[in-house]
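Chemist: curious how this folds, go ahead:
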Amino acid sequence: MKTIVSVSVALFLNLTLFSQVYQWRGSERTGIFDETGLLKEWPESGPELVFDLEGIGKGWSSPVVTNDRIFISGMKDSSDYLSAIDFNGNVIWQKAYGPSWAKSFPDTRGSATIEDNRVYILSGQGNLVCFEYGNGDVIWEVNVDSTYGANWHAWGVSESILIVDDKVICTPGGDQTSVVALNKMNGELIWKSESDGGLRAYVSPTIYTWLDFRYILTVTGTNLLALDPNSGEIIWKYTYYDEDLWKWQPGLIWVNTPVFHENQIWISKGYDYPAVMLVMDSSGQFVSE
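Modeler: Have a look, this model is predicted:
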């Protein structure tokens, strides 16, 4: 079966041109885009097809669009590849960035995160690569999951890297640590959090701000975690599981990045698992349902 990327005019209306960071779900990871001039409805014949492109590999990840390129991942043979494509459908560069997940549902999932001349992406087995934007040369790479003892759930790694200040944030889970921060320029460890004991889940972390509080929100298979971006200290955690469902499938399919507004944080999972609205107290030290 051939793999094709079809790009329409609609894609280019989703350019995130107003932020230095281009990433999954937009500049703030909210799924909210500030562009204007969007169509209110499709033309009767549908959006104009700009190009078709084959040969990028198979995957479920979302493309990330900058002001001059499209970045999308795909599995070819047993490796994950990242392709940089111009708006005419020409592949500028295509590079492998690590082994694909080798078990159930191996196709790629994580999307690229781009800042300045650096492109970050994480493979299905936890290999984190920083590419040079222009030509795809490797600036640095670290296998986060093997280095920090990740404990995988059934479907490997599905995380889009978060940039926070001078750090890239990754969530390996496991017994050694839950979250690590690496120097975004060279991949060296800045901090690693304590372990909450949970498996690696599938959520991409985000930055949560309210009043004077600024936390990294991410998850393991068991808990929602709020961490201090400067130190990696876990400020609070919320345990989110039902014992009977947990026995059936530990970790379930926790893929949804937390959604928040002011002091309210909403989390959800798959398999008809009940969603929860949390409220953070005014001290920033606790959450409750």
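
Chemist: now Ile253, nearest residue through space, not along the chain?
Modeler: Here the nearest residue to Ile253 in space, its sequence neighbours aside, is Gly270; by CB to CB, 6 or more residues apart in numbering that works out to 3.6 Å. Using the backbone N, CA and C atoms, a C-beta is placed for each residue, glycine as well.

Chemist: and the one you found, how close does it get to Asn263?
Modeler: Distance, Gly270 to Asn263, using CB to CB, to the nearest Å: 26 Å.

Chemist: again with Gln20
Modeler: In this structure, Gln20 lies at 28 Å from Asn263, with CB to CB as the measure.

Chemist: next: Tyr241.
Modeler: 23 Å.

Chemist: residues touching Val119, list them.
Modeler: For Val119, the residues meeting the contact criterion (CB atoms under 8 Å, 6 or more residues apart in numbering) are 71, 82, 84, 112-113, 130-133.

Chemist: for the residues you listed, which ChimeraX command selects only the ones that are buried?
Modeler: Only the buried entries of the contacts of Val119 go into this ChimeraX selection, using 16 or more other CB atoms under 10 Å:
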select :71,82,84,112,113,130,131,133
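
Chemist: tell me the confidence at Gly37?
Modeler: In the predicted model, Gly37 carries a pLDDT score of 87.

Chemist: repeat that for the one 4 residues further on.
Modeler: Per-residue confidence for Glu41 comes out at a pLDDT of 91.

Chemist: the residue nearest to Ile253 and Tyr202: what is the separation?
Modeler: From Gly270 to Tyr202 the distance is 10 Å (CB to CB).

Chemist: rewinding a little: hang on, the residue nearest to Ile253 packs against Val255?
Modeler: Yes: Gly270 is in contact with Val255 according to CB atoms under 8 Å; the separation is 7.0 Å.

Chemist: higher neighbour count, the two?
Modeler: Taking Gly270 and Val255 together and counting by other CB atoms under 10 Å, Val255 has the greater number of neighbours (17 against 12).

Chemist: for the more buried one, give me its contacts.
Modeler: Counting by CB under 8 Å, 6+ apart, Val255 touches 158, 201-203, 269-270.

Chemist: got any ranges where the stretch 151-289 of the chain has weak pLDDT?
Modeler: Within the stretch 151-289 of the chain, the segments meeting pLDDT under 70 span 242-252.

Chemist: what are the boundaries of the strands in the stretch 1-150 of the chain?
Modeler: If you assign secondary structure with DSSP state E, counting those that start in this stretch, the strands in the stretch 1-150 of the chain sit at 4-8, 21-22, 49-54, 64-65, 70-76, 79-85, 91-99, 113-115, 118-122, 127-132, 138-143.

Chemist: tell me the confidence at the spatially closest residue to Asn117 that is not a sequence neighbour?
Modeler: Counting by CB to CB, 6+ apart, Tyr133 is the residue found nearest to Asn117 once chain neighbours are left out, at 4.4 Å. pLDDT for Tyr133: 98.

Chemist: of the contacts of Val255, buried ones?
Modeler: 158, 201-203, 269.

Chemist: dump those residues to CSV, plus secondary structure and distance to Pro63.
Modeler: As requested, the buried ones among the contacts of Val255 are exported to CSV (DSSP: H, G, I helix; E, B strand; the rest coil; distance: CB to CB, whole Å):
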residue, secondary structure, distance to Pro63
Ser158, coil, 16
Ala201, coil, 23
Tyr202, coil, 19
Val203, coil, 20
Lys269, coil, 25
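
Chemist: thinking again about what came up before, now the residue nearest to Asn117: how far from Asn88?
Modeler: If you go by CB to CB, the gap between Tyr133 and Asn88 works out to 18 Å.

Chemist: any chance you could map the strands in the stretch 151-289 of the chain?
Modeler: 162-164, 167-170, 180-183, 189-192, 206-210, 213-219, 223-227, 234-239, 259-261, 264-267, 276-280, 287-288.

Chemist: can you redo these as CSV with distance to Ser61 and mean neighbour count?
Modeler: Supplementary listing: those in CSV, determined by distance: least, CB to CB, whole Å; neighbours: other CB atoms under 10 Å:
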stretch, distance to Ser61, mean neighbour count
strand 162-164, 15, 20
strand 167-170, 16, 24
strand 180-183, 21, 22
strand 189-192, 26, 17
strand 206-210, 17, 17
strand 213-219, 18, 22
strand 223-227, 23, 24
strand 234-239, 28, 17
strand 259-261, 20, 16
strand 264-267, 22, 17
strand 276-280, 27, 16
strand 287-288, 30, 14
